[in-house]
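Undergrad: Provided below for reference: sequence and predicted model.
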Amino acid sequence: MKVLKFGGTSVGTVEALRNVKYIVENQEEPVIVVVSALGGLTDTLIQAANLAAKNDIGAYRIVQDITARHNEIMNKLITGEQIDDALNRVRALFYELSNAYTDISRNEELTEADLEEVVSYGERLSSLIISLIIDDATYFNSLEIMRSSNHECDLEATNANIANTLGKFKGKVAVMGGFISRDSKSRRISNLGRGGSDYTAAIVASALNADSLEIWTDVDGFMTADPKVDPNATVIRQMTYDQAQEMCDQGAKVIYAPTIKPVAEKHIPIWVKNTFNRGALGTLISD
Ligand code: ADP
Ligand code: ASP
Ligand code: MG
C-alpha cells in the first residue's frame, strides 16, 4: 500500500485533476490519496475572513467565486448519477462556510478559532470532490481521524483513529484531506500548519507502514534550489532523510519540514514526483 499526496497546484484546475485521476486510477496496489485544497484557496479563505471581520460584503463575493470554481470542476469531471449528489453535498459545505463568515461579520472580530474553521473548508471541499472524480474511491473525513495539539499531530489519538478507519479499509482507493484536524482536547478544528498536507500524508504512511510516500507536486523533484528563484537549479535524484530534512529546515518548501521524521523513523521511502510530467524520474529520499 502506498500513500500519494497531491498539492494545491496538482488539484487546482480541471486539467490538473485529469492528471491526478489518471495517476491514481493506474496504480497497481491500493493507495491512500491525501489532497490539499485547490491551489490558492487557503489564502483566499483567509482573505475573505479578514473582509468579513470588517463587515465587508467582499467576503460573500469571494464565497460566490469559489463556489463557481468548485462547481465548474464538478460539472466537468463528475459524470452520471453522481453529479446531483455531489452538488448537494458541496452546497451544504458552502452553506456552512457562508454561515461561518456571517458569524465573523456579526462579531466584527476574527478569532484564531474562526480562522482555523474557515480555512478547513478548502480541504473538506477538495477531498470530497476528488473522491467523486476518481473511479471507485472511498471518502474518509480527516476531521474524524486527525488529532492535534498546538498544530502538531497528537500521534497517540491519531494513530488509534487511523487504525480504526483507514487501517480496516479493504478497497483500492481512499481519499482524505490533508492539513485539517481537530484539537485533541477541545475537539475544535485546529489544523496542522501551512503546507501541512505533506505532514498528514507522512503520518498516515507511518501509521500504516506504507511501502512508500509519494509527494506529487509541480516540479520534477527535490532540486538544488527553488527553481522559481534559481533558474539553474537541477533535480537531485537521491537524497538521505537527513539531507532532505536539512534543506526543508532551511526553507525548501517542496516538502513541509515536519513530514520527514514520521516516515524516516519507519524507513519508508519518499518520492517527489511531478503531476504535470509523469515521465520525469523524480527524487527518492531514503536511508
Ligand atoms: P504543493 O502545492 O504541491 O504542496 P508547494 O508550492 O508547497 O507545492 O511546493 C512546491 C514548490 O516548492 C515548487 O513549485 C518550488 O517553487 C518550491 N521549492 C522551493 N524549494 C525547492 C526545492 N529545493 N526543490 C523543489 N522545489 C522547491
Ligand atoms: N492548504 C494548506 C495550505 O495552503 C495546506 C497544504 O496545501 O498543504 O497551507
Ligand atoms: Mg506544499
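TA: Done, it's in. Residues are numbered from 1 along each chain as shown. Ligands and ions are numbered 1, 2, ... in the order given.
Undergrad: Every contact and neighbour count from this point should use C-alpha atoms.
TA: Fine.
Undergrad: For this protein, what lies in contact range of ligand 1?
TA: 7-9, 195, 217-219, 221-228, 252-254 (Cα under 6 Å from any ligand atom).
Undergrad: out of these, who's near ligand 2?
TA: 7, 8, 195.
Undergrad: CA atoms only: put stretch 189-197 into PDB for me.
TA: C-alpha atoms of stretch 189-197 as PDB (Å, rounded to 0.1, in the frame of the first residue of the first chain):
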ATOM      1  CA  ILE A 189     -10.900  22.500  14.300                       C
ATOM      2  CA  SER A 190      -7.200  23.200  14.600                       C
ATOM      3  CA  ASN A 191      -5.100  22.500  11.600                       C
ATOM      4  CA  LEU A 192      -1.500  21.300  11.100                       C
ATOM      5  CA  GLY A 193       0.200  24.500   9.900                       C
ATOM      6  CA  ARG A 194       0.500  26.000   6.400                       C
ATOM      7  CA  GLY A 195       1.800  23.400   3.900                       C
ATOM      8  CA  GLY A 196       0.600  20.700   6.400                       C
ATOM      9  CA  SER A 197      -0.900  18.300   3.900                       C
END
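Undergrad: who's in contact with the most centrally placed residue in the chain?
TA: Centroid-nearest residue in the chain, with Cα atoms, centre = their mean: residue 36, separated by 2.3 Å. Counting by Cα atoms under 8 Å, 6 or more residues apart in numbering, residue 36 makes contact with 5-8, 11, 122-123, 126-127, 177-179, 197.
Undergrad: any idea of the mean pLDDT in the helix or strand hosting residue 16?
TA: Under the criterion of DSSP states H and E, residue 16 resides in helix 14-25. Confidence for helix 14-25, expressed as mean pLDDT, is 98.
Undergrad: number of nearby residues for residue 162?
TA: 20 (other Cα atoms under 10 Å).
Undergrad: That one belongs to a helix, doesn't it?
TA: Yes. Applying DSSP: H, G, I helix; E, B strand; the rest coil, one finds residue 162 inside a helix.
Undergrad: And the pLDDT at the closest residue to it other than its chain neighbours?
TA: Leaving out its chain neighbours, the residue that sits closest to residue 162 by Cα to Cα, 6 or more residues apart in numbering is residue 145, at 6.2 Å. Confidence at residue 145, expressed as pLDDT, is 98.
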